[in-house]
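In: Just need the structure, nothing else, for what follows:
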Amino acid sequence: MLDRTDSDSAERINGLVRKLLAKRSLDRAVGRYEDLIESGLSSLDIVNLMLAVEADFDIKIPEQEMTPSNFRTIARIDALIQTLTTKSG
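Out: You can find the predicted model right below:
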């Protein structure tokens, strides 16, 4: 069951990433371990992604977790969400 949850959240994150890429006229799939900056997101896009993740998953990301490494890939964001939701639930 945990794998299903991880997969569902990764898909949701991927959707958020694709929306941000679409704003840059980039319509492409992003792999789970693909670097998001190299995929076409800017630093500002990453900040917007942090905000979108908080809103979409109804979580608050602690300031100390708002690091470039935590938002480098979909897999890292997914791991962060799993950690935060496990702590709160």
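In: contacts, neighbours, all on C-alpha from now
Out: Fine.
In: Which neighbouring elements make contact with the helix or strand of the chain with the lowest mean pLDDT?
Out: Ranking every helix and strand in the chain by mean pLDDT, DSSP states H and E puts helix 2-23 at the bottom, with a mean of 83. With contacts taken as 3 or more C-alpha pairs under 8 Å, 6 or more residues apart in numbering; DSSP states H and E, helix 2-23 sits against helix 43-57, helix 74-88.
In: Give the other helices and strands that the first one contacts.
Out: What it means is helix 43-57. Helix 43-57 packs on helix 2-23, going by 3+ C-alpha pairs under 8 Å, 6+ apart.
In: And the contacts of the helix it packs on?
Out: 27-30, 32, 40-41, 45, 49, 52-53, 74-75, 77-78, 82 (C-alpha atoms under 8 Å, 6 or more residues apart in numbering).
In: in it, what's buried?
Out: The neighbour-count check on helix 2-23 (16 or more other C-alpha atoms under 10 Å) flags 6, 9-10, 12-14, 16-18, 20-21 as buried.
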